[in-house]
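K.L.:
predicted structure and sequence below. I'll ask about it afterward.
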Amino acid sequence: MTTSTLVEPILRWYDEHARDLPWRRPDATPWSVLVSEFMLQQTPVARVLPVHEAWLARWPTPVALAAEPSGEAVRAWGRLGYPRRALRLHAAATAITEHHGGVVPDSYDDLLALPGVGDYTAAAVAAFAYGQRQVVLDTNVRRVLARTVTGTEFPARSVTRAERDLGAELLPADPPTAATWSVAVMELGALVCTADRPRCGGCPVTDACAWQQAGAPAYDGPPRPVQTYAGTDRQCRGRLLAVLRDTHGSVPKERLDAAWDDVPQRERALASLIADGLVAEQPDGRYALP
DNA sequence: TACACGTGGCC
DNA sequence: TGGCCAAGTGT
């Protein structure tokens, strides 16, 4: 397996098959890229598109978002899920306003220091918004590398040193090409080398793929954790927050009580929402977005 | 290192 | 039908 057997075909494939997404357009601002990365964390592109568009129309800059209460960000987040991301995006906008002159920072370290920005998002923004040479390892990239290079259907639970070394080894030397390569591998993972039922017939590197050459063996690693949802605290939190999101102003506690039957669970969920800063209890005892 | 954290679509 | 999955981060 040489670099060129993987990189060049995937770059050519991307040139022909890349989706036209708002945050990939030449006129997309770093803020647009940053917003997209927050929204895309654990969330499909199709659901992000309309919310991203409305978000950028309302808040074209981090300064504009930072000027509003965090609760407005939570409300505008709508039903994207994981609303703590909205809170963190608002906090990131505030930090950018206060510490970076309102400009999304371009260094990996400065990005990493922002709330809600971890290794993936810092590398992605540096690469996609600023054209830098960064190792971008998301779930798509990791799956593509696991199959094509390692010969396993799925990567390990967490990023390994070997993956990081491999990502660095494959990364083209030229920064703009490196950035394109990173988005190209992600796109291949999202559209072709999917977790379930990969479309190997449309893959530009199927002939070089270690997993294919090994006969596409079934995954035999440790069981991947199942996400339960019905009846969980997460679902309860979602129900409570939906009441506030869909209401202008504040609500009495009875409105929240009506949203979930299990009393101890409801109280626990409400307390956690308040602790997270997603819900504010007012002096009059009513509840509202922060 | 595991686990918590929303939501909806797919087969 | 319901298990599985979707551009992760924080603790």
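P.N.:
Received the coordinates, thanks.

K.L.:
how about the contacts made by A:M186?
P.N.:
Counting by CB atoms under 8 Å, 6 or more residues apart in numbering, A:M186 touches A:136, A:138, A:140-141. For every residue, glycine as well, the C-beta is placed using N, CA and C.

K.L.:
with A:W260 instead?
P.N.:
Contacts here follow CB under 8 Å, 6+ apart; on that basis A:W260 touches A:236, A:239-240, A:266, A:269.

K.L.:
residues in chain A within reach of DNA strand C, list them.
P.N.:
Taking CB under 7 Å from any atom of the strand as the measure of proximity, chain A contacts DNA strand C at A:21, A:23-24, A:36-37, A:40-45, A:81-82, A:88, A:115-122, A:124, A:138-140, A:143, A:186-187, A:189-190, A:194-196, A:224, A:226-227, A:229.

K.L.:
give me the buried entries from the contacts of A:W260.
P.N.:
Buried by 16 or more other CB atoms under 10 Å: A:236, A:240, A:266, A:269, out of the contacts of A:W260.

K.L.:
how close does the first one sit to A:T228?
P.N.:
The reference is to A:C236. When distance is defined by CB to CB, to the nearest Å, A:C236 is 13 Å away from A:T228.

K.L.:
what of the third one?
P.N.:
Taking CB to CB as the measure, A:R266 and A:T228 are separated by 18 Å.

K.L.:
stretch A:55-72 vs DNA strand B: in contact?
P.N.:
No: Stretch A:55-72 lies out of reach of DNA strand B by CB under 7 Å from any atom of the strand, never closer than 13.8 Å.

K.L.:
so how far does that stretch reach from one end to the other?
P.N.:
Length of stretch A:55-72, first residue to last, CA to CA, to the nearest Å: 11 Å.

K.L.:
just the buried residues of it, please?
P.N.:
In stretch A:55-72, counting by 16+ other CB under 10 Å, buried: A:55-56, A:59, A:61-63, A:65-66, A:70-72.

K.L.:
quick check, nearest of the contacts of A:M186 to A:P176?
P.N.:
Ranked by distance to A:P176 (CB to CB), these are led by A:V136 at 14.0 Å.

K.L.:
the closest one contacts A:T121, doesn't it?
P.N.:
No: applying CB atoms under 8 Å as the test, A:V136 and A:T121 come out as separate, 9.7 Å apart.

K.L.:
quick check: which helices or strands does the worst-scoring helix or strand of chain A on mean pLDDT pack against?
P.N.:
Lowest mean confidence among the helices and strands of chain A (mean pLDDT, DSSP states H and E): helix A:3-17, at a mean of 93. Here helix A:3-17 touches helix A:161-170, helix A:175-191, going by 3 or more CB pairs under 8 Å, 6 or more residues apart in numbering; DSSP states H and E.

K.L.:
for A:R224, see how far away the residue in the stretch 151-290 of chain A that DNA strand C sits nearest to is.
P.N.:
In the stretch 151-290 of chain A, the residue that lies nearest DNA strand C is A:A195 (3.0 Å; CB to the nearest atom of the strand). Counting by CB to CB, the gap from A:A195 to A:R224 is 10 Å.

K.L.:
do the same with A:L191
P.N.:
Taking CB to CB as the measure, A:L191 falls 22 Å from A:R224.

K.L.:
neighbour count winner among these two?
P.N.:
The neighbour comparison of A:L191 against A:R224 (other CB atoms under 10 Å) goes to A:L191, with 17 against 10.

K.L.:
leaving out sequence neighbours, find the closest residue to the more buried one.
P.N.:
Nearest non-adjacent residue to A:L191, counting by CB to CB, 6 or more residues apart in numbering: A:H17, 6.8 Å away.

K.L.:
these two touch, right, that neighbour and A:A190?
P.N.:
No: using CB under 8 Å, A:H17 is not in contact with A:A190; the gap is 10.6 Å.

K.L.:
give me the more crowded residue out of these two.
P.N.:
Neighbours per residue (other CB under 10 Å) separate A:H17 from A:A190, with A:A190 holding more: 17 against 14.

K.L.:
state the pLDDT value of the more buried one.
P.N.:
The model reports A:A190 with a pLDDT of 97.

K.L.:
for it, what are its contacts?
P.N.:
Listed by CB under 8 Å, 6+ apart, the contact set of A:A190 reads A:45, A:140.

K.L.:
how far away is it from A:R79?
P.N.:
21 Å.

K.L.:
please apply the same query to A:P22.
P.N.:
With distances taken as CB to CB, A:P22 is found 20 Å from A:R79.
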